[in-house]
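**Q** Using only what follows, build the 3D model:
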Amino acid sequence: MNARKAALLAVFAAVAAAFFLLDLGRYLSLESLKGNRAALEALRDRHAFLFPALFTLVYVFQTAFSLPGAAILSLAAGALFGLVQGTLLAVTGATVGAILAFWVSRTLLRDWAVKKLGGRMEAVDRGLREKGLSYLLFLRLVPVFPFFLVNLACGVTGLPLRTYALGTFFGIIPGGAVYVNAGASLATVESLAQVASPRVLASFAFLGLFALLPAIVSSVKKRRRDGALLKALMIVAVAASAAAAAPEADPWTVWETHDPRGEIRVDHAEWDRFLRKYLVTDHPSGIHRVRYGSVTPDDRKALGDYLRGLEGTEVSRLDREEQKAYWINLYNALTVMVVLDRYPVKSIRDIDISPGLFRGGPWGAKLLAIQGRKVSLDDIEHRILRPLWKDSRVHYALNCASLGCPNLQPAAYTPANTEALLEKGAREFVNHPRGVRLEGNRLRLSSIYRWFRSDFGGSEESVLRHLRKHAEPGLSEKLAEFRGKVSYDYDWRINEP
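**A** Below you'll find the predicted structure:
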């Protein structure tokens, strides 16, 4: 054994010994991740560029040395960075780490394998040069093959490094997305074996689709094989990311803090004035609409001032009723401002300012900083209002500037009127065709009841019970007797007259 190989072995042995003797694995546990999430988020917010880079380096180190903890790191990627950015960081770190593990395996074991296997190794190498990408993708896409063993085994063979890098990067996207998706709803994950939320199951379905690709590509002419495969992978990767259309309710526990005896009252008069001036409540369609094109520069400035005032509010000093009204008004006013800043638009989904390659719309962008924490529309809805209040009627209060949304109410929410407005919003939406409509033996519901089914009881039956509760008597009777098929739709057109 030459000096380089001896040095590599010594480094690997030292890292493995340090990892287990110092019990560093305790930091790569589900309990540790949940317990330290708030601290990690604070670091992420303070070091927007450095923190993702360090996270990726940690993933590289873990993979290169074949240490335990890849699943936890992928969960952390989802919890800290979201689906798209988290998947990109996890896949990049894992790929670079796998390349290093591949190089170490080739350095230490390749010569021995060639000498030991002789002609058989030549046959293996020849097959890998011809169809190595398909074989590697199969190994990466089917999760029964341990990641670190594939790294080591490929290094022993003559598989070209370029083929290995491409196959690894694209092949681990679906598996990585499974855990990153789960990490995005970290609070609901009780064990690694339980990583099976509806979004994750959707990712597994795409995983099966990925696994079929190598067999299909193997029949394509050699000169076209790699390019066709990569195009197909990109198409399915986009579809896989779209499977996560509705984020899980994942509590941001720092916002649970409140003052039960709080006497601070937030002034929503400017938002109330804006609604009374620009919200059309008597449109023939029955859908409230905003006259975005009529908003004057002075009123737009006043709305911006109102949002800055909310941004400076010490939310933790408010009581719970004041907080609920605060978050609802903040979400709705911020959504209107987002549209005004980019008006005219045909759909809010065209306002593509969320981070990530495949994520559209404005919901993931960190648009405000409240008490030192950057907050997005997604945060307000899915990490604050939904999980902390557990009130399904919140969906009738939040307006996404689309015709398919529940009505934007003509008054600002306050502790005094929130309950009444929530009930009013529920009745208006359930009894309007965009919320519920019966067409023969088919019931067409808003996609809200599919995206957020867990908030309405978790089953189709519980959704129907919720609808009957808010439906007018005639509709309620029909829903009670309904036994047909249910379908869902949503109108994303901008909610203007």
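**Q** ok, now how distant is the most centrally placed residue in the chain from Leu133?
**A** Centroid-nearest residue in the chain: Leu83, 3.8 Å away (criterion: C-alpha atoms, centre = their mean). Distance of Leu83 to Leu133, computed by C-beta to C-beta, to the nearest Å: 26 Å. Backbone N, C-alpha and C define where each C-beta goes, glycine included.
**Q** on that earlier part again, do I have it right that the residue nearest to the centre of the chain meets Val180?
**A** Yes. If you go by C-beta atoms under 8 Å, Leu83 and Val180 touch, sitting 5.9 Å apart.
**Q** any idea how far Val290 is from Asn431?
**A** Taken as C-beta to C-beta, the span from Val290 to Asn431 is 22 Å.
**Q** For Trp255, which non-adjacent residue is spatially closest?
**A** Spatial nearest neighbour of Trp255, excluding adjacent residues (C-beta to C-beta, 6 or more residues apart in numbering): Ile384 at 5.1 Å.
**Q** what number of residues lie near that neighbour?
**A** 26 (other C-beta atoms under 10 Å).
**Q** Could you look up the SS state of it?
**A** The assignment at Ile384 comes out as helix when based on DSSP: H, G, I helix; E, B strand; the rest coil.
**Q** and Phe429, helix, strand or coil?
**A** Secondary structure for Phe429, judged by three-state DSSP, is helix.
**Q** Tell me which residues touch it, please.
**A** Going by C-beta atoms under 8 Å, 6 or more residues apart in numbering, Phe429 touches 396, 406-407, 435, 446.
**Q** where's the nearest residue to Leu24 once chain neighbours are set aside, which helix or strand?
**A** Counting by C-beta to C-beta, 6+ apart, Leu24 lies nearest to Ala18, which is 7.2 Å off, once chain neighbours are set aside. Ala18 is part of helix 3-21, with elements assigned from DSSP states H and E.
**Q** Who are the packing partners of that helix?
**A** Where contact means 3 or more C-beta pairs under 8 Å, 6 or more residues apart in numbering; DSSP states H and E, helix 3-21 is packed against helix 83-117.
**Q** what's the average pLDDT for the helix it packs on?
**A** Across helix 83-117, pLDDT averages out at 85.
**Q** can you pull the buried residues of that helix?
**A** By neighbour count on 16 or more other C-beta atoms under 10 Å, the buried set for helix 83-117 is 83-106, 108-109, 113-114.
**Q** what does stretch 394-403 rub up against?
**A** Defining contact as C-beta under 8 Å, 6+ apart, one finds that stretch 394-403 is touched by 285, 287, 290, 328, 331-332, 335-336, 338-339, 347-348, 381, 385-386, 405-409, 413, 421-422, 425-426, 428-429, 434, 448, 452, 455, 490-495.
**Q** Give the rounded mean pLDDT of that stretch.
**A** Averaging pLDDT along stretch 394-403 yields 96.
**Q** what do you get for stretch 259-266?
**A** Averaging pLDDT along stretch 259-266 gives 93.
**Q** how far does stretch 460-479 stretch from start to finish?
**A** 12 Å (C-alpha to C-alpha, to the nearest Å).
**Q** hmm, who's touching that stretch?
**A** In contact with stretch 460-479 (C-beta under 8 Å, 6+ apart) are residues 392, 423, 426-427, 430-431, 436, 438, 443, 445, 449, 453, 456-457, 480, 482, 486.
**Q** again with stretch 5-14
**A** 1, 65, 104, 107-108.
**Q** Could you work out the most separated pair of the residues you listed?
**A** Met1 and Phe65 (19.7 Å; C-beta to C-beta).
**Q** Those two: which is more packed in?
**A** Comparing Met1 with Phe65 by other C-beta under 10 Å, the one with more neighbours is Phe65, at 17 against 8.
**Q** mind checking pLDDT for that one?
**A** Phe65 is assigned 88 on the pLDDT scale.
**Q** Find the residue closest to it in space, skipping its chain neighbours.
**A** Using C-beta to C-beta, 6+ apart, the nearest residue to Phe65 is Val15, at 5.0 Å.
**Q** can you check Ala101 too?
**A** Using C-beta to C-beta, 6+ apart and skipping the chain neighbours, the partner closest in space to Ala101 is Asn151 (4.0 Å).
**Q** What number of neighbouring residues does the one you found come out with?
**A** Asn151, neighbours per other C-beta under 10 Å, totals 24.
**Q** tilt between the helix or strand where it lies and helix 83-117?
**A** Assessed by DSSP H and E, Asn151 sits inside helix 147-156. For helix 147-156 against helix 83-117, the angle by axes from the mean of the first three to the mean of the last three C-alpha atoms, to 10 degrees is 50 degrees.
**Q** and the angle for the helix or strand following helix 147-156 with helix 147-156?
**A** For helix 147-156, the succeeding helix or strand toward the C-terminus, using DSSP H and E, is helix 161-171. If you take the same axes, to 10 degrees, helix 161-171 sits at 160 degrees to helix 147-156.
**Q** if we can go back for a sec, ok, the residue nearest to Ala101 - contacts?
**A** 63, 66, 98, 101-102, 105.
**Q** distance of Ala76 from Leu398?
**A** Counting by C-beta to C-beta, the gap from Ala76 to Leu398 is 28 Å.
**Q** Which of the two has more residues huddled nearby?
**A** A side-by-side neighbour count of Ala76 and Leu398, using other C-beta under 10 Å, places Ala76 first with 28 against 20.
**Q** nearest residue to Arg317 other than its sequence neighbours?
**A** Per C-beta to C-beta, 6+ apart, closest to Arg317 is Asp259, 5.1 Å.
**Q** May I have the phi/psi pair for the one you found?
**A** Main-chain torsions, Asp259, degrees, to the nearest 10: phi -110, psi 100.
**Q** Could you do Glu472 as well?
**A** phi -60, psi 160.
**Q** what's the burial count for it?
**A** For Glu472, the neighbour count with other C-beta under 10 Å is 10.
**Q** what does Glu270 give?
**A** Using other C-beta under 10 Å, Glu270 has 18 other residues around it.
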